[in-house]
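> When you get a sec, could you give me coordinates for this:
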Amino acid sequence: MEILAFLTLCLLIYSLRIILTKTLNRYRHQQCYLIDYVCYKPSDDRKLPTELCGEISQRNKALGLEEYKFLLKVIVNSGIGESTYGPRNIISGADSSPDFCKEAIEEMDECFNETLDELFKKTGILPKEIDVLVVNVSMFSPAPSLASRIVKRYGLRDDVASYNLSGMGCSASLIAIDVVNNLFKSRRRQLALVMSSESIAPNWYAGNKRSMMMGNCLFRSGGCGFFLTNDPNRRTQAKLRLNHLVRTHFGADDEAFNCCTQQEDELGRPGFYLGKELPKAATRAFISNLRVLVPKVLPIHLIVSYVLKGLKSNWKKGSSRTSTGGSIVMKPAIKHYCLHTGGKAVIEGVGKGLGLTESDIEPARMTLHRFGNTSASSVWYVLSYMEGKKRLKKGEKIFMVTFGAGFKCNSIVWSVEKDLDEPGVWGDCIDDYPPKILINPFLEKYGYVNDMVSL
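Residues are numbered from 1 along each chain as shown. Reported below is the predicted structural model:
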């Protein structure tokens, strides 16, 4: 009996060891790490200084005086500087007789090739090592896909799992990460390449509809490529580790669904429509997203404090509506904030909602000034600014938030795996930011439009 009991105990211990080992291995292989990233920096001949922007606007013969003043007013108050980049066809004036498909493919190839060449060189990773490829470009989806063009150029393996995301808007980059992260849950030791950009060339609006003119003022050329992995052996290479990812989609709501769409105007001129309902849709999506994310990242005593403040606020107002009791301050748990550079109002609105300081929103404001709104890749330029300023230290948390057509709000919380200090895309100008005085060249030249009552 003693031998039988001993054998039973040994078998039990052995079984527990196997279960524990499998559980730990499953946990280790389900972690998602960001190895490295490269933000695309177009050549200087694609910059859009004040004078050139004025010339491009004047080329549009569909603009009347009132539309021209409206366009100038949006640019003046946009927070964008003189060093942003545009597509070659717009700068050269080819938008008057466009070849949409050819120009879009050339635009994407230039972005993809330069970005990924640098990324492969920087990391030492070989194309044949890639197991998963995800490409997101919202407003251009040719066949063969853009993902297939990358597979062809770099000779990726024939068993690579490739995904081509379109129509996801400015939130697409975080959606791509979610796709990869879900794949990691069922596949071990995977290496994923994500390429995030937007096609501006075929979507430049040449009409006079105000709600479609705004996109020309805000959107600029950019992109980012990065590697993700769940291989524990690559953890020492990693810069960041994924903690939480929350996706919110209000597509079932008509107002939210229709507030920003790719469409043609009455005369068949393509562009991107931004409706008056957009701020409301963004606010609702953001609040809904935070309701899921905040309990995951904040200590319980702070959550209780916010609930009590909300109840107190509702009681005083005699309202039955749920309230958060003001700004949701995540500072105790999260130190850095990569905010979507959708515009000056977006940055300030999100900053106010999170109770952020000027220092907290500085990376997003400087990114908007230097690179403009580069759509889905914008948060990576913000991250690169933080890294260039040597602000990211091991163990600190980073919050990323993006908004996109649909309407969607997506957020991520990362942990910094090691001290980061590479200037990256900011290498030639990081020491110049933030300037003592953030001069808006458009405001200097066209600021008089703010005094015009007839807008």
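> okay, CA-based contacts and neighbour counts for the rest of this
Will do.
> so what's Cys224 up against?
By C-alpha atoms under 8 Å, 6 or more residues apart in numbering, the residues touching Cys224 are Tyr37, Val38, Cys39, Tyr40, Thr115, Met195, Ser196, Ser197, Ser377, Trp380.
> A helix includes it, no?
No: counting by DSSP: H, G, I helix; E, B strand; the rest coil, one finds Cys224 to be strand, located in no helix.
> Okay, and the beta partners of it?
On DSSP bridges, the residues paired with Cys224 through beta bridges are Cys39, Ser196.
> Can you give me the pLDDT of it?
What the model reports as pLDDT for Cys224 is 98.
> One more: Leu438?
Looking at Leu438, the pLDDT reads 67.
> Apart from its neighbours in sequence, what residue is nearest Val413?
Spatial nearest neighbour of Val413, excluding adjacent residues (C-alpha to C-alpha, 6 or more residues apart in numbering): Phe399 at 4.7 Å.
> which residues does that neighbour bridge with?
Legend: beta-bridge partners of Phe399 under DSSP bridges are Tyr337, Val413.
> mind listing what it touches?
Contacts of Phe399 by C-alpha under 8 Å, 6+ apart are Ile334, His336, Tyr337, Cys338, Leu339, Ser411, Ile412, Val413, Trp414.
> and if we set it to 7 Å?
By C-alpha atoms under 7 Å, 6 or more residues apart in numbering, the residues touching Phe399 are Ile334, His336, Tyr337, Cys338, Ile412, Val413, Trp414.
> Could you export these as a markdown table, including distance to Gly353 and pLDDT?
Shown next, in a markdown table, are the contacts of Phe399 (distance: C-alpha to C-alpha, whole Å; pLDDT from 0 to 100):
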| residue | distance to Gly353 | pLDDT |
| --- | --- | --- |
| Ile334 | 15 | 94 |
| His336 | 15 | 96 |
| Tyr337 | 13 | 97 |
| Cys338 | 14 | 97 |
| Ile412 | 17 | 97 |
| Val413 | 17 | 97 |
| Trp414 | 20 | 98 |
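> now the strands: where do they sit in the stretch 1-150 of the chain?
With strands called from DSSP state E, counting those that start in this stretch, the stretch 1-150 of the chain shows them at 33-39, 132-137.
> buried ones in stretch 202-219?
Counting neighbours by 16 or more other C-alpha atoms under 10 Å, one finds that the buried residues in stretch 202-219 are 202-210, 212-219.
> what's the answer for stretch 269-278, then?
Neighbour-count burial for stretch 269-278 [16+ other C-alpha under 10 Å]: Arg269, Pro270, Gly271, Phe272, Tyr273, Leu274, Gly275, Leu278.
> and what of stretch 419-429?
Result for stretch 419-429 [16+ other C-alpha under 10 Å]: buried residues Leu420, Asp421, Pro423, Gly424, Val425, Trp426.
> Let's see which of those end up in strands.
Using DSSP state E, no member of the buried residues of stretch 419-429 sits in strands.
> and those residues as a markdown table, adding pLDDT?
Putting the buried residues of stretch 419-429 into a markdown table (pLDDT from 0 to 100) gives the following:
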| residue | pLDDT |
| --- | --- |
| Leu420 | 96 |
| Asp421 | 93 |
| Pro423 | 93 |
| Gly424 | 94 |
| Val425 | 97 |
| Trp426 | 97 |
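> could those residues go into TSV alongside distance to Phe250?
Listed next are these as TSV, based on distance: C-alpha to C-alpha, whole Å:
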residue	distance to Phe250
Leu420	36
Asp421	38
Pro423	37
Gly424	35
Val425	34
Trp426	35
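> Fine by me, we can end here.
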